[in-house]
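Novice: model the following, please.
(2 chains, ligands or ions: 2)
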Amino acid sequence: MSDASFLSLEKLTLAYGDTVAVKDLDLSIRKGELVAFLGPSGCGKTTTMRSIAGLLTPASGRISLDGVDITRVSANKRSVGLVFQSYALFPHLSVFENVAFGLRLKKMPVSDIETRVTAGLKSVGLSKFATRKPAELSGGQQQRVALARSMVMEPKVLLLDEPLSNLDARLRLEMRTELQRVQKETGVTMIFVTHDQGEALSLADRIVVMLNGAIEQIGTPEDIYNRPVSRFVADFVGFENIFAVEGGKLKAANGPIALSESLPPDTAGLAWRPRMVTLGSGPFQGTVRGASFSGSTREYLLDTPLGAIKAEEDAGLAAHQPGTELSFDLPVAKAARLERFG
Amino acid sequence: MTPRIFSPLVLLLVVAFLIGPFFIIVAASLSGGETLAFPPQGFSLKWVVKVFTVESFRESFAVSMFLAIGGTAMALVLGIPASYALSRYKLPFGETIRTIVSLPIIVPGIIVGLALLRYIVVPFGFNITLALFLAHTALVLPYAVRVVSASLNNLRSDIEEAAVLLGSSRAGAFFRVVMPNIRSGILAAFILGFVTSFNQVPVSLFLSGPGVRTLPIDMLSYMEITYDPSVAALSALLAFMSIGIVFLAERFLGFSRYV
Ligand SMILES: Nc1ncnc2c1ncn2[C@@H]1O[C@H](COP(=O)(O)OP(=O)(O)OP(=O)(O)O)[C@@H](O)[C@H]1O
Ligand SMILES: [Mg+2]
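Specialist: Ligands and ions are numbered 1, 2, ... in the order given. From the prediction side, this is the model:
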């Protein structure tokens, strides 16, 4: 095992009966890494996590953890923690007993259990709530109990399925910091699922973008944000002007357009964020159809022979009125180069 | 009459109709006379005392208790795993199985009793006690499955997965996190089953044989011979027992949630 593949998924295919949910997935995760699974609903994030945890047996492929093939190891022997989206706390047990549950099964000495649970509750700020039942806690507190319950087991990998989705905005920010802190303090390898690109960008060391049961792109937050490689990822992270490229030419609504610069042969598309579009000069013409002001910037929607174009300028610049003709440019140097346009 | 007066009046009549007989029985059992009659003649506790001295009542009470406790316990031993399977797994014909399990509630007891006697007890020479035990188990099973299923459906299944990920086996998860959380449902099922079995007449009627009778059957045959108020006294005592059990169940479990 190299350090780069503490947890690795190889050609993993996951199915529910005849429905294939995840196909031929390959992924390697380093020890201590904080990885985000990002993707639209139904793309297979939960399914992948459940298979890592051992709750779903792969149709084919291999999972290995810390140098051991765990594909056939049962869920209760994997040292993988999972924090459920629904928390899944045990309603009949106190907060303390919820957190102690796994330790008691390990037949750990009672005094050690006491110490660990107390420390675990302290680290999530719930020391005062040890004797309460889960039903007597807020959603955020329940979530923290679930986190502590998994953490005290000192799992090799901790999986979190949408850990922040049920929280309000303020608590979400708080828990984000909390998660990051716990992860840095303990050095646990962590994978979390999210729908929210902001969350993924701000928390993760690496982001895995999934679509239709396959990985679209893996990269650092910078990679994903600045250098999306597929149309889907570009769209997902806010590149709103996306064009296919064929034979080195841009495929626009009014036909192919030759580009000023030559592109690598594997270029399948180009994408620009609204603020990458140059307004007021350039080879193309468009009519302002709509404008909206958002504080620091103005956003324009242009009708052009290439199709609709979204552009953005500093609000400090003079506004362009709807109906005006404008010249504009799509600078190839700034564009994200897409390798896939499916 | 305006609906405003009419509906409370109807309600009152319904209530009187439901609990009236109960008061009549209680009154009749406190009678000082020699025959079962209402209004009672005089007042005496002698019939209540007599109940405890009738040998056959004592024996049939023991039989009924055995059937109600044993049969219900057996129904739960079968019903809890069945409910678990029905609520957690997508079984082929799951709905059909659920319907079949509920059949004894729908099919008249007379028919169940006759069928058991004619096609099982007689041809196979079944022991009467065993036949009664199996019949009561079967009668209580639908209630057990219903009530336990209701609690299971209120319990999220992901807590079992959580328990497994914390190191428990599948079976361990059932005993550690499922059972404790459906405990009150199980108790409710037990009480409902107990009362149903204890008050059961038609099936027991066919299966009661020489020497083995349930209490309600014994009361029937007692009345055919002796028409004194001790049957009323016994009925009143049994009614108080049922009321007491249901009251305690409601008080401690919120029984009405399950029934
Ligand atoms: N128990 C199941 N039986 C059959 N199909 C399922 C089951 N669970 C999920 N699926 C299917 O598998 C696919 C992936 O589902 P999964 O739950 O992994 O998505 P997800 O990425 O977690 O979505 P979300 O963001 O909505 O939670 C979906 O198409 C879904 O319909
Ligand atoms: Mg999911």
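Novice: quick check, the residue in the stretch 151-300 of chain A closest to ligand 1?
Specialist: residue A:195 (5.8 Å; C-beta to the nearest ligand atom). In short, each C-beta sits where N, CA and C put it, glycine included.
Novice: next: chain B.
Specialist: Closest point on chain B to ligand 1, by C-beta to the nearest ligand atom, is residue B:90, at 9.3 Å.
Novice: so that residue sits in a strand?
Specialist: No. If the criterion is DSSP: H, G, I helix; E, B strand; the rest coil, then residue B:90 is coil and not within a strand.
Novice: next up, phi/psi of the most centrally placed residue in chain B, please.
Specialist: For chain B, the residue nearest the mean C-alpha position is residue B:196 (1.5 Å; C-alpha atoms, centre = their mean). Main-chain torsions, residue B:196, degrees, to the nearest 10: phi -60, psi -50.
Novice: return the residues of the stretch 151-300 of chain A in contact with ligand 1.
Specialist: Proximity of the stretch 151-300 of chain A to ligand 1, by C-beta under 6 Å from any ligand atom, involves residues residue A:195.
Novice: the strands in the stretch 151-300 of chain A, which residues?
Specialist: Taking DSSP state E, counting those that start in this stretch as the criterion, the stretch 151-300 of chain A carries its strands at A:157-160, A:189-194, A:206-211, A:214-219, A:241-246, A:249-252, A:255-258, A:269-272, A:278-293, A:297-304.
Novice: residue A:271 versus the residue of the stretch 151-300 of chain A closest to ligand 1, what's the distance?
Specialist: Applying C-beta to C-beta, to the nearest Å, the value for residue A:195 to residue A:271 is 21 Å.
Novice: so which of these two has more stuff around it?
Specialist: The neighbour comparison of residue A:195 against residue A:271 (other C-beta atoms under 10 Å in any protein chain shown) goes to residue A:271, with 24 against 16.
Novice: can you tell me which residues contact that one?
Specialist: Each residue near residue A:271 by C-beta atoms under 8 Å, 6 or more residues apart in numbering or on different chains is listed here: A:228, A:231, A:234, A:235, A:239, A:241, A:242, A:243, A:335, A:336, A:338.
Novice: check residue A:130 too.
Specialist: Going by C-beta under 8 Å, 6+ apart, residue A:130 touches A:94, A:95, A:96, A:117, A:118, A:121.
Novice: of these, which belong to helices?
Specialist: Within those, residues falling in helices by DSSP state H are A:95, A:96, A:117, A:118, A:121.
Novice: so residue A:42 lies in a helix, does it not?
Specialist: No. Per three-state DSSP, residue A:42 lies outside any helix segment and is coil.
Novice: hang on, the earlier thing: save the contacts of residue A:271 as CSV, and put in pLDDT and distance to residue A:33 too.
Specialist: Below are the contacts of residue A:271 laid out as CSV (pLDDT from 0 to 100; distance: C-beta to C-beta, whole Å):
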residue, pLDDT, distance to residue A:33
A:228, 95, 21
A:231, 95, 27
A:234, 95, 25
A:235, 92, 26
A:239, 94, 26
A:241, 94, 33
A:242, 95, 30
A:243, 93, 35
A:335, 93, 30
A:336, 94, 25
A:338, 94, 26
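Novice: return the backbone torsion pair for the residue of chain B closest to ligand 1.
Specialist: Dihedral angles (degrees, to the nearest 10) for residue B:90: phi -90, psi 90.
Novice: same deal with the one 3 residues further on?
Specialist: Dihedral pair for residue B:93: phi 60, psi 30, per degrees, to the nearest 10.
Novice: sorry, back to before: using PyMOL, define a selection of the buried residues within the contacts of residue A:130.
Specialist: Listed next is the PyMOL selection for buried residues among the contacts of residue A:130, using 16 or more other C-beta atoms under 10 Å in any protein chain shown:
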select buried, chain A and resi 94+95+96+117+118+121
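Novice: check the contacts of residue A:130 and tell me the two furthest apart.
Specialist: A:94 and A:118 (13.2 Å; C-beta to C-beta).
Novice: what is the neighbour count of residue A:221?
Specialist: 18.
Novice: look up the pLDDT of the closest residue to it other than its chain neighbours for me, please.
Specialist: Among residues not flanking residue A:221 along the chain, residue A:201 sits closest, at 4.4 Å (C-beta to C-beta, 6 or more residues apart in numbering or on different chains). Note on residue A:201: pLDDT of 92.
Novice: tally of neighbours for residue A:201?
Specialist: 18.
Novice: now swap in residue A:225 and tell me
Specialist: Neighbour tally, residue A:225, other C-beta under 10 Å: 19.
Novice: ok, now which ones touch it?
Specialist: Neighbours of residue A:225 in contact, by C-beta under 8 Å, 6+ apart: A:201, A:237.
Novice: near ligand 1, which residues of the stretch 151-259 of chain B are found?
Specialist: By C-beta under 6 Å from any ligand atom, no residue of the stretch 151-259 of chain B approaches ligand 1.
Novice: residue in the stretch 151-259 of chain B with the shortest distance to chain A?
Specialist: Nearest to chain A, among the residues of the stretch 151-259 of chain B, is residue B:166, at 3.4 Å (C-beta to the nearest C-beta).
Novice: quick check: the residue nearest to residue A:221 vs chain B, distance?
Specialist: 29 Å (C-beta to the nearest C-beta, to the nearest Å).
Novice: also residue A:107?
Specialist: Taken as C-beta to the nearest C-beta, the span from residue A:107 to chain B is 10 Å.
Novice: am I right that residue A:313 sits in a helix?
Specialist: No. Per three-state DSSP, residue A:313 lies outside any helix segment and is strand.
Novice: pretty sure it sits against residue A:300.
Specialist: Yes. Residue A:313 is within contact range of residue A:300, at 7.4 Å (criterion: C-beta atoms under 8 Å).
Novice: of these two, give the one with the bigger neighbour count.
Specialist: Neighbour count, other C-beta under 10 Å: between residue A:313 and residue A:300, residue A:300 has more, with 24 against 20.
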